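1. Give me the fold of what follows.
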Amino acid sequence: MTTENNLVVRVRDVVKTYQDGLVRALRGVSLDIPAGSFLTLAGPSGSGKTTLLNLIGALDVPTEGTITLIGRDLASLDEKQSTILRRENIGFIFQDFNLVPVLTARENVELPLEILSGWTKQSRRDAAMDILDKVGIADMANRLPKELSGGQQQRVAIARALVKKPPIVLADEPTANLDGKTGVAVIDLMKRMRDEIGTAFITSSHDPRVIERSETDVRLIDGQINPDGGGAIE
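-> Residues are numbered from 1 along each chain as shown. Take a look at the predicted model:
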C-alpha cells in the first residue's frame, strides 16, 4: 500500500503556463511516486512530459499547484535551498549524455561528489570505480567520452547519476540517441541499478521500448494525465 511516508514525489493539481498564460504546458496534474519506483512519463512531443520532469527536478516552478520532493514542499524553498535539495537527492540522465569531453569516464562520474561535503579524493575515486564496475565498464574508466560508443557513454551517465546513491534519478529520453539493442540494454541496466540501490527512476519518453519495460507508465495528453492510460505515444 502506498502511503505518504514512502513517497519520494507528490504532485498536486500542477499547472504550468508560459507566455503570460497563453501556453498551458500542464493542466492540473496530480501524481504520487513511491520510493524505488520505475516510472515513465509517456506521450508525444508537446504533451508536457519534459515540463513535468523539470518541475519534479526543481529546475522550474509550477504556475499553480504543489510539488513535494522527499517530504519538502518545493514552493517553500529559496533558490539556494532548491539547489542543495537537487544536488543531494537527484541524479540526472540526459539523452545526449552531457559528459565533459576533456574528462575521463571516471572523472565524469566523480563530478557530483566534488560538490558534496565529506568526500576525499580517494573516496571519490573508489565510489566512481565501484559504480562503473556495477554498470559494466570499469575497464574503460580512463577513456575519454569520444573513445566510447553511445551505449558506453550512457552507462557512464547512469553511473554519474547514481554515484551519490540518490533517492531519485530523472532520465529525459534516455534511449533517444541509441539503437534498438543498446536502448533495451540501457533500460535493463537502469532497472537492475534500481533493484540494487533502491533509487526511484522517473523517465520521460515516447519510446515503446522504455514504456514496455516500465512498471508504471503515466500517459500525458495535452498537458493532462489520460485516466484510461491510453493514447498515442509517437
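2. what about the protein, any weak spots by pLDDT?
-> The model of the chain has pLDDT under 70 over residues 1-5, 228-234.
3. quick one: the strands in this structure?
-> With DSSP state E as the criterion, the chain has strands at 7-18, 23-34, 38-42, 64-69, 72-73, 90-94, 168-172, 200-205, 216-221, 224-225.
4. Include distance to Ser123 when you put those into JSON lines, please.
-> Where you see a C-beta, it was placed from the backbone N, CA and C, and this is true even at glycine. Shown next, in JSON lines, are those (distance: least, C-beta to C-beta, whole Å):
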{"stretch": "strand 7-18", "distance to Ser123": "26"}
{"stretch": "strand 23-34", "distance to Ser123": "30"}
{"stretch": "strand 38-42", "distance to Ser123": "29"}
{"stretch": "strand 64-69", "distance to Ser123": "27"}
{"stretch": "strand 72-73", "distance to Ser123": "27"}
{"stretch": "strand 90-94", "distance to Ser123": "18"}
{"stretch": "strand 168-172", "distance to Ser123": "21"}
{"stretch": "strand 200-205", "distance to Ser123": "25"}
{"stretch": "strand 216-221", "distance to Ser123": "35"}
{"stretch": "strand 224-225", "distance to Ser123": "42"}
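5. and the ones you listed as TSV, adding mean neighbour count?
-> TSV is the format used below for the strands of the chain (neighbours: other C-beta atoms under 10 Å):
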stretch	mean neighbour count
strand 7-18	18
strand 23-34	18
strand 38-42	24
strand 64-69	18
strand 72-73	13
strand 90-94	21
strand 168-172	24
strand 200-205	26
strand 216-221	20
strand 224-225	19
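6. OK, contacts around the residue nearest to Thr182 when sequence neighbours are not counted?
-> Nearest-residue entry for Thr182: Gly151, 3.9 Å, with adjacent residues in sequence omitted and distances by C-beta to C-beta, 6 or more residues apart in numbering. By C-beta atoms under 8 Å, 6 or more residues apart in numbering, the contact list for Gly151 reads Leu178, Thr182, Ala185, Val186.
7. how near is the spatially most central residue of the chain to Val218?
-> With distances taken as C-alpha atoms, centre = their mean, Leu170 lies nearest the centre of the chain, 0.8 Å away. Leu170 is 14 Å from Val218, where distance means C-beta to C-beta, to the nearest Å.
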